[in-house]
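> could you work out the structure for the sequence below:
(chains A and B)
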Amino acid sequence: MAFVLSERGGAYQEVAQAMHALLRARADVVELAADDTAAIARAQARVVAAVGARACQTAAQAGSRVPLVCVLLPRSAFEAATRAAAPNARPLSAVLLDQPLARQMSLIRLAVPEARDVGALLGRESAAIENALSRAARDKGLRVNTARVAAPGELYPALQGMLGNAHVLLAIPDSSVFNSSTAHNVLRTAFQARVPLIGFSPAYVRAGALAAVYTTPVQVGRQAGRMLNDFLDGRPLPAAQAPREFEVSVNIHVARALGLTLDDEAELAAQLRGKEPGG
Amino acid sequence: MHPRAVAAACMLCGATSAAGQSGVTTEKEFLSDMPVVLTASRLGQPAADAPNSITVIDRELIHATGAREIAELFRLVPGMYVSYVTYVGGLQALVSYHGLASEFTNRMQVLVDGRAVYNPTLGEVSWTNLPLHIDDIERIEVVRGPAAASHGANSFLGVINIITRHAAQDRGVHASLTRGDHSVNDRLLRYGGSAGNFDYRFTAALRRDDTYDAVSDSRRIDLFTFRGDYRLGSRDTLTLQAGYNGGKRGTQAPTSVQPDPVDYPRDIRIGNHFQQIQWVRALERGNELSVQFYHNYLGLKDISLTQPAEVLAFQQYTVDDSVRAHRYDLEVQHTVNARPGLRWVWGGSTRYDSSVAPTSLSTPVGNHSQRLFAHAEWRAAARWLVNFGAMVERTDFTGSDVSPRLAVNYRLAPRHTVRASVSRALRNPTLIEEKTDRKYVLGPLLVQRYLVSGNLEPERILSRDLGYVAELANGIRFDARAFSDRLTRLVGEVELPFPGGYQGITRDFRNLNDVHQSGFETQLRWRLSRATRVGLAQARINTRSNNLTSDFTASTPRNTYSAFGIREFGGGASGTVMLFYQDPILPMLFGERQERIKRVDARVAQRFRLGSSHAEASLVVQDLLNGKHTDFRHDNVFDRRGYAKVEIFF
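Have a look, this model is predicted:
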């Protein structure tokens, strides 16, 4: 079995270790760097686990027919990396980072019970989820107002227009909307309009989002490890999976400033787990 | 956003991968660290937890009023007296909570991004001459009541806390042009951009007007401001600001009802500027440390030749009534979230004020002052919140004093809170009150306008209030307060014999007046729908005083009301109506009786697109029904007037 890591150390290593722990003694594992394309193409393995978007992209383009599991990346990056691969040419799966929309809507109901209108800014990559977003919101008794951001200059007019019509803003991961140069400004503008923002990482919450539901690299690694175990047991690779385990992070200072009272993080996470299908 | 900006940003924060640069979302967006944006000082307190009643004027409201003048916004604050006088520095707004109006409105703290802007010489705020453009303001919080523990020296009757927009909130070019009655001719050009982790904004503006027909009060205001916000990694931010406000202003002393050889109508020149640097570090658990240094400079050039007059044997003399004043201030502040339910902010500052004024001060004057402050918020029980704190201040003039405050908030029900508070605050005497030796030596004639004995005590206020705050789910925010304020040792002017001087008199300042004010105020803000927003403000104030130097009793309007309604009509059209009412008042010193004011202001606006740019055209009419009222003096007659504005964002 081969693990391809986008980078050494950090979250990538945590994922690899978590997968390793579940696969203990079942398979020999070689760890390869994503830039070592020759080694990736040569790798003799029953299955390749690629950690991170770059690793997924390199492994997908290696021309191999070995089954590939991409781990720790958003759906858009997985789709971009594997778009070129001919269907059925190679078994593909993934453990993604994007939280299911239903889970995010449940968090909104718990964190901001009075909110009915959810605002979301959609960029080029995320435009396609608009209908799914509306459905997920409707199922939880919410309404979604979306605004499209086609060019960087449209972000603030779109945001300003939206803040008047939203009780809460849901950040959808899309680097054309939320990136390191825009996130701080979106947070500040939303706060000034007294609209809480639901982020998608603990860093967002530290920076000033009200709350986020997110999956840690270790949790992603465990899920991938189970998928690889099943594969080694002879089961086919499933379709790409959303993360199953998750944590909730809350910024109590922001909550207070907005006049909101939230349960603590563990309590919110437990309540969310209770709302999961089959949970 | 420029791709270069992303790349530069990530050299420091390691946030975006090669894939990120080409615009694909990767795991980096989920995993990377991010600067703390909503720091403790930005978050503030929700209204229900605050120890004072607070009126917020946000950017949306500022824009909807169409105001050219910052002071006009304060008409929407319960209990605020707003008027205008032409005096030192040209036409100035007088803004004073709970009246006690005179040409020196020096009993409020005014902060712009934490910088105290009241003038160290006169103690007042020269609103016209502030290096601040109304379009750069994000939000104004008016704290109604003493708040020295949290807002520093001079937070006596209240605090006006102005917060400008973060540099990153203005992108691209914004230009506007305003033309109207009374020679109104304003232009604005603003550019906001970024380079890596550095966001910046330049604002350049010209403002021209000539407000009252019978007064020499023309203003040519040249304004330039800069703000840069630099993110130093994920924990530190640095904010750099600088500004300039200069130009020619018409002036005359309000005494010039009769021709006066010295204070006749003339032009003066203003050249004010400031520099400010603030460093904020976000610590663990939402704690924060900030260090701030600023310098304010007030430059007023007023060199004139006396008018030919019989009393001067028709000789003409040069009079230099210029003022140059500096303020240097260094402040350190630490916000601590000790445990759930207990947080505090504490810190200290040191300040040096100096002033050179050849006619008013016989020598250059300086005043060192230091202060330590601490303010804690303790949730004693689920429904009980206690705010307590104090400021200790020491100045060269008055020695050391303590300004404590205690407020207890009790949550009656989830959206209803009542509050009881008691606080004490001081207003330290200004350089002028302590040191003035204002005289003109015109050949053989000595005109000794003021000769003060100094050694004044600080003015004191003991304020008690009961408040109620409701924030209802249907968009209603309601706030009421009843107050009883005992003000003692208020400084007033006395006339003294001055043998040998012109007219044989001079003036001095004395701590002679005691005032008691009581009454109640209400404020309602209601967002009826997405398109409609209304607000009401009311104040009733009973004033009693021993009136030893002036008529303090009549210097506060008994009843004031204001209301606004803002409506979006769809298709980019919007309208605003504002109503103001003020009972008669007799301001002190140079003030003259103002009759009842009933005034209606209105604005209509239409937004449209010009290619890829957004634009708006608007028309503001003040005193729509032409009720004609006077401002502070009988010759300041305010009648119906209008101005039109076009602005474009591209």
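> identify the bridge partners of residue B:644.
Legend: beta-bridge partners of residue B:644 under DSSP bridges are residue B:179, residue B:619.
> number of residues surrounding it?
15 (other CB atoms under 10 Å in any protein chain shown). No exception for glycine: its C-beta is placed from N, CA and C like everyone else's.
> contacting residues for it?
Neighbouring residues of residue B:644 by CB atoms under 8 Å, 6 or more residues apart in numbering or on different chains: B:178, B:179, B:180, B:617, B:618, B:619, B:620.
> how does it look with 10 Å?
B:66, B:177, B:178, B:179, B:180, B:184, B:617, B:618, B:619, B:620, B:621 (CB atoms under 10 Å, 6 or more residues apart in numbering or on different chains).
> pLDDT, neighbour count and distance to residue B:72 added to the residues you listed, as TSV?
Below are the contacts of residue B:644 laid out as TSV (pLDDT from 0 to 100; neighbours: other CB atoms under 10 Å in any protein chain shown; distance: CB to CB, whole Å):
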residue	pLDDT	neighbour count	distance to residue B:72
B:66	97	23	9
B:177	98	14	19
B:178	98	21	14
B:179	98	15	18
B:180	98	19	14
B:184	98	20	13
B:617	98	14	20
B:618	98	22	15
B:619	98	15	16
B:620	98	24	10
B:621	98	20	13
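> which two from those end up farthest apart in space?
Farthest pair in the contacts of residue B:644 (CB to CB) is B:177 and B:621. Separation: 18.0 Å.
> next up, the contacts around residue 35.
Chain wasn't specified; assuming chain A. By CB under 10 Å, 6+ apart, the neighbours of residue A:35 are A:4, A:6, A:7, A:54, A:55, A:58.
> that answer is for a different chain, and I need it for chain B
With the criterion set at CB under 10 Å, 6+ apart, residue B:35 makes contact with A:180, A:183-184, A:187, A:203, A:206-208, B:9, B:12-13, B:197, B:231-237, B:282.
> from those residues, which ones fall inside strands?
Per DSSP state E, strands hold the following members of those: B:231, B:232, B:236, B:237, B:282.
> now the buried members of these.
By neighbour count, with 16 or more other CB atoms under 10 Å in any protein chain shown, those hold B:231, B:237, B:282 as buried.
> picking that back up, so which of the ones in strands among the contacts of residue B:35 comes closest to chain A?
Using CB to the nearest CB, residue B:231 comes nearest to chain A of the ones in strands among the contacts of residue B:35, at 7.2 Å.
> still on that earlier bit, tell me the one of the buried ones among the ones in strands among the contacts of residue B:35 nearest residue B:76?
Ranked by distance to residue B:76 (CB to CB), these are led by residue B:237 at 31.5 Å.
> please name every helix or strand in contact with the host helix or strand of residue A:137.
Secondary structure assignment for residue A:137, by DSSP states H and E: helix A:130-139. Here helix A:130-139 touches helix A:101-111, strand A:117-122, strand A:143-148, going by 3 or more CB pairs under 10 Å, 6 or more residues apart in numbering or on different chains; DSSP states H and E.
> for the stretch 451-600 of chain B, what lies in contact range of chain A?
Residues of the stretch 451-600 of chain B lying near chain A by CB under 10 Å from any CB of the partner chain: B:471, B:473, B:527, B:530, B:531, B:568.
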